[in-house]
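Student: Provided below for reference: sequence and predicted model.
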Amino acid sequence: MTNPFDDEDSTYAVLVNDAGEHSLWPASIAVPEGWYVTHGPSDRAACLAHINANWLDLRPRVQAADPR
Amino acid sequence: MLTESLTVHAAFAAQAAQTPDAVAVAGAELSLTYRELDEQANRLAHRLRELGVGPEVPVAILMRRTPHVVVAFLAALKAGGYYQPVHSAYPADRQQWIVEHSGARVLLADEAMNQQVLPSVKEVLLIDGIDLSDQPATAPEVAVDGAAPAYAMYTSGSTGHPKGVAVRHRDALALALDSTWDTNRHERVLMLAPHAFNVSTYEIWVPLLHGGQIVIAPEGELDIANLARLIREHRITGVHLTAGLFRVIAEDAPESLAGVREVLTGGDVIAPGAVSRVLAANPDLVVRAMYGATEATVFSTNSPITAPYSPTTSVPVGRPMDGVSLHVLDERLDQVPAGTVGELYISGIGIALGYVGRPDQTGERFVANPYGGPGERMYRTGDLVRFTADGDIEFVGRANDQVKILGFRVELAEIEAAIVSHPEVGDAAVVARELKPGEKRLIGYLRPETGTALDVASVREHVRTGLPEYMVPTAFVVIEQLPLTPNGKIDRAALPLPTPQGPTAYRAPDGPVELALCTAFSEVLGVERVSVEDSFFDLGGHSLLAMRLLNRIRAELGVELKINTLFDTPTVAGLAGSIRPKEQ
């Protein structure tokens, strides 16, 4: 069984919710309630690059700023 | 129900106010009451504030397992930040990588770790060497809510580097206050797991938020006799044992668990026969099978098992914890019926913030949830499971290349990346083979770079400088070409088994002691013939098997050997040498 998120040859979108959280999403599956397409459809690598470039308020990243 | 504003340290402070004089944490050289722990952590927290620690700021922690670890974790939270433990047994390179990647500017260490090279970081505090008497004993005022990170822990990652899972206060609190623990069975809990890993969340916060006691197992001396002594002397009531250790204790010394009220086990496939033996020896005990992931805050399901128990083919890992939802889905993300295997997705309380500094990895594992409230996420575990007819979850296997070795989660791709970084290696594959039931070994397959004569020993050394010991393959096989599947991926099933031969020329045992030791080696390791010069560790021995060997030697020869003796002289000839003088 291939996981629908792991197929390099398939087409994906990037979803975002009101909290600004991003999710990779298989383009062929209906978008769940409360999520909006922000990128795609495109290939998997482009979607992941989009998430990296645009999900800036992910909390674990905030701590990279100087605490002082 | 928990409010969004409640934090782990606020819950601890409320408990400390109720039971100030009860012992909170007991170690070999130091014990602290709730009041003492609270005050020490407050003073340290003020110092951390001066160093810039506040909300969303990590505090790296690299310490031996002592009561100071609990002070350090609590102080990081009281300062408003989060704790970022680093495993003390990791190679220096990996420790440095984690500290840098986490963004930590402050490292809390202790004198024992300071004997080695500490990771380089802006500020280092030695917790047992600083004078904090001028700091206030009351908690610093910092506004933190339940959505702020409480800790981050690094696990093996498939991209060649570990990844840090950041967990919020509200998720850690929900785990610690889950109704599973409302039984009085976790009054005195043994702290046994490396505190850089998620089980420490149970071992520390479940007792501390219920007025119970943490009992620290000293580092580095773990064998069955010591474990049994700790359990007896400290009247341990609750303990988590990895599935591997649980099995060893079940088979060799189930009576060691006398007096314990509840044993949690999990982290790998739980052997039904082991559950049966433990319950037969301890009929009043509850064995609780646990399933979970660091990304979903330690435990997501549990299944209590009591005597009388009739072993079945597998041990179901049970029902969800409070506020957790489980979804077993197919490749269309449709729910599969009971009895059908699908991949497990977890949603609800406990879903982590994500991977530190890696939005891409977060976005591919923490995904939109079609079965939850609007905008909710779910974590895809990579585990294949099915619902039984009774509604329990049964673990079937892994959907990808993650394996468990000695209870540690290991991504094979991370080991392969470390091997390939050796200049003479062209390509590599790593597989986990179960040579005996419950005994997984890592085997590394190497294709040399064209035109080089590959030195396997140098590859082993190279891997060792970057990866923890449990991730270093026990055997390496040099291979001309890695077999590929029709779609171009490495065909792991087609890789040859390593030739079962000892690393040294065979020398037969001489005398009854060597003969008994050879028999013990071959039984514990599952190899046919052991030469007296073969190293236990070269033959695939590891820490769990070492415990088992020492126990076997004690039973057969009536001799107490220290685990360090085995590390120093890991051969039959060497051990016989340290046994014989005592016989005369």
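Tutor: Perfect, I can see it now. Numbering: from 1, shown residues only, chains lettered A, B, ... in the order given.

Student: Does B:L446 belong to a helix, a strand or coil?
Tutor: Put simply, B:L446 is strand when judged by DSSP: H, G, I helix; E, B strand; the rest coil.

Student: Could you list everything it pairs with in the sheet?
Tutor: Beta-bridge pairing for B:L446 (DSSP bridges): B:A428, B:V478.

Student: Make sure it is actually in contact with B:E480.
Tutor: No. Counting by Cβ atoms under 8 Å, B:L446 stays clear of B:E480, with 10.3 Å between them. In this view, the C-beta of every residue, glycine as well, is placed from N, C-alpha and C.

Student: more crowded one of those two?
Tutor: B:L446 (24 against 6; other Cβ atoms under 10 Å in any protein chain shown).

Student: Tell me which residues touch the more buried one, please.
Tutor: B:419, B:425, B:427-428, B:454, B:456, B:459, B:476-479 (Cβ atoms under 8 Å, 6 or more residues apart in numbering or on different chains).

Student: which intervals of chain A have sub-threshold pLDDT?
Tutor: Chain A contains residues with pLDDT under 70 at A:1, A:57-68.

Student: Could I get the full set of strands for it?
Tutor: Secondary structure of chain A (DSSP state E): strands at A:11-17, A:22-26, A:35-43.

Student: Tell me if the shortest one is near chain B.
Tutor: The reference is to strand A:22-26. Yes. Using Cβ under 8 Å from any Cβ of the partner chain, we find that strand A:22-26 touches chain B at A:22-26.

Student: and B:L37, how many neighbours?
Tutor: Neighbour tally, B:L37, other Cβ under 10 Å: 23.

Student: quick one: it and B:E141, what's the gap?
Tutor: 20 Å (Cβ to Cβ, to the nearest Å).

Student: and if you look at B:T340?
Tutor: With Cβ to Cβ as the criterion, B:T340 and B:E141 are 54 Å apart.

Student: Give me the more crowded residue out of the two.
Tutor: More crowded of B:T340 and B:E141, by other Cβ under 10 Å: B:T340, with 11 against 7.

Student: count of neighbours near the residue in chain A that chain B sits nearest to?
Tutor: Closest residue of chain A to chain B, Cβ to the nearest Cβ: A:G34 (2.9 Å). Residues near A:G34, counting by other Cβ under 10 Å, number 16.

Student: thought it was touching B:G373?
Tutor: Yes. Using Cβ under 8 Å, A:G34 makes contact with B:G373 at a distance of 7.1 Å.

Student: So how do I select the buried members of the contacts of B:L446 in ChimeraX?
Tutor: Here is the ChimeraX command that selects the buried residues among these (16 or more other Cβ atoms under 10 Å in any protein chain shown):
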select /B:419,425,427,428,454,459,476,477,479
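
Student: Just send the contacts of B:L446 back as CSV, with pLDDT and distance to B:N198 too.
Tutor: Converted to CSV, those look like this (pLDDT from 0 to 100; distance: Cβ to Cβ, whole Å):
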residue, pLDDT, distance to B:N198
B:I419, 90, 27
B:V425, 89, 32
B:D427, 86, 33
B:A428, 89, 29
B:L454, 83, 37
B:V456, 84, 34
B:V459, 89, 31
B:F476, 86, 31
B:V477, 86, 33
B:V478, 87, 37
B:I479, 86, 36
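
Student: from the contacts of B:L446, which is closest to chain A?
Tutor: When the contacts of B:L446 are compared against chain A (criterion: Cβ to the nearest Cβ), the nearest one is B:D427, at 19.0 Å.

Student: wait, that closest one sits on B:V420?
Tutor: Yes. B:D427 lies in contact with B:V420 (Cβ under 8 Å); the separation is 6.6 Å.

Student: thinking again about what came up before, any idea which of the strands of chain A gets closest to A:T2?
Tutor: Closest approach to A:T2 among the strands of chain A is made by strand A:22-26 (10.8 Å; Cβ to Cβ).

Student: Sheet-wise, list the partners of the closest one with their directions.
Tutor: Note on strand A:22-26: by DSSP bridges, its sheet partners are strand A:11-17 (antiparallel).

Student: how about the strand it pairs with: buried residues?
Tutor: So, applying 16+ other Cβ under 10 Å, buried residues of strand A:11-17: A:12-17.

Student: what angle sits between that strand and strand A:35-43?
Tutor: 160 degrees (axes from the mean of the first three to the mean of the last three Cα atoms, to 10 degrees).

Student: Tell me which residues are up against the longest helix along chain B.
Tutor: Ranked by number of residues, the top helix in chain B under DSSP state H is helix B:34-50. With contact meaning Cβ under 8 Å, 6+ apart, helix B:34-50 is reached by B:12-13, B:15-16, B:19-22, B:24-25, B:32, B:59, B:67, B:70-72, B:74-76, B:78-81, B:106, B:108, B:125, B:127, B:130, B:132-133, B:135-140, B:142, B:211.

Student: now stretch B:469-478
Tutor: Here stretch B:469-478 makes contact (Cβ under 8 Å, 6+ apart) with B:89, B:156, B:405-406, B:408, B:410, B:414-415, B:418, B:430, B:441-448, B:454, B:456, B:459-460, B:463-464, B:495-496, B:498, B:540, B:542.

Student: Turn the contacts of B:L446 into TSV, columns for distance to B:V396.
Tutor: Putting the contacts of B:L446 into TSV (distance: Cβ to Cβ, whole Å) gives the following:
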residue	distance to B:V396
B:I419	29
B:V425	34
B:D427	30
B:A428	28
B:L454	37
B:V456	35
B:V459	34
B:F476	30
B:V477	29
B:V478	34
B:I479	30
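
Student: Tell me which two of the contacts of B:L446 sit farthest apart.
Tutor: Across the contacts of B:L446 (Cβ to Cβ), the longest gap, 15.0 Å, separates B:D427 and B:V456.

Student: Would you mind stating the distance between B:L108 and chain A?
Tutor: Distance, B:L108 to chain A, by Cβ to the nearest Cβ, to the nearest Å: 15 Å.

Student: and that residue, which of the three is it?
Tutor: B:L108 - assigned by three-state DSSP - is strand.

Student: tell me the contacts of it?
Tutor: Taking Cβ under 8 Å, 6+ apart as the test, what B:L108 contacts is B:44, B:59-63, B:72, B:75-76, B:125, B:127.

Student: same thing but 7 Å
Tutor: For B:L108, the contact set (Cβ atoms under 7 Å, 6 or more residues apart in numbering or on different chains) comprises B:59, B:61, B:63, B:72, B:125, B:127.

Student: Which of the contacts of stretch B:469-478 are buried, as a ChimeraX select command?
Tutor: To isolate the buried members of the contacts of stretch B:469-478 in ChimeraX, using 16+ other Cβ under 10 Å:
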select /B:156,405,406,408,410,414,415,418,430,441,442,443,444,445,446,447,448,454,459,460,463,495,498,540,542
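
Student: so what's the residue nearest to B:S256 when sequence neighbours are not counted scoring on pLDDT?
Tutor: Leaving aside its chain neighbours, B:S256 sits nearest to B:A228 (3.7 Å; criterion: Cβ to Cβ, 6 or more residues apart in numbering or on different chains). pLDDT for B:A228: 93.

Student: ok, now B:E376?
Tutor: The per-residue pLDDT reported for B:E376 equals 97.

Student: Isn't it up against B:N369?
Tutor: Yes. Counting by Cβ atoms under 7 Å, B:E376 touches B:N369, with 4.5 Å between them.
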